[in-house]
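> Show me how the following folds:
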Amino acid sequence: MSCRRARTIWRLSTPGPDSVKDAAEAYFNKAWKAKFHKPWDDVSGPSMDKESVPFFAVRTLFREMICDTLSSSAGLQLKLSRGAGASSDLIMCRIRAPVAVLEQEANRIGYKLQVWKERGRTHTQRRRRRLSFLSSMSLYRSP
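Numbers count the residues shown, from 1 in each chain. Got it, this is the predicted structure:
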């Protein structure tokens, strides 16, 4: 896939006005140079547009750019893993927001956040509570 085609896909998939799309395109150019060129290479414009790399490399670049944006800009925590079984060729991404980030966003939009107060409990206490809940549920099952 050519650099020009990949940049077009990245630009079209970026929501927002042209100023945001221009910033996304500049970010793409920087990421492309970092991934496929040596630091001392001076590549830009038409010469970069003619370059071509395999599709899987572009897909990897897009994934790295998305993960970088989510973790650095939004403060989210990511965990990447391979799918199991029939979906072993897929890469799964778990996204988690720390409580501090949730509280900050809730304050920003004026939302009263209801946080589950389990910070002080140990893993064993949480598991014991869950098991007791599950055992009480089995009392109400129909035969």
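> which residues of the chain fall in strands?
Taking DSSP state E, the strands of the chain run over residues 77-82, 91-96.
> and the last one, what does it pack onto?
In terms of contacts (3 or more C-beta pairs under 8 Å, 6 or more residues apart in numbering; DSSP states H and E), strand 91-96 is packed against strand 77-82. C-beta coordinates here come from the backbone N, C-alpha and C atoms, glycine included.
> average model confidence for the strand it packs on?
Mean per-residue pLDDT for strand 77-82: 84.
> now the angle between strand 91-96 and it, please.
Strand 77-82 runs at 160 degrees relative to strand 91-96, counting by axes from the mean of the first three to the mean of the last three C-alpha atoms, to 10 degrees.
> For the residue nearest the centre of the chain, give me its contacts.
The centroid of the chain falls nearest to residue 67 when counting by C-alpha atoms, centre = their mean (4.0 Å). Counting by C-beta atoms under 8 Å, 6 or more residues apart in numbering, residue 67 makes contact with 78, 80, 93.
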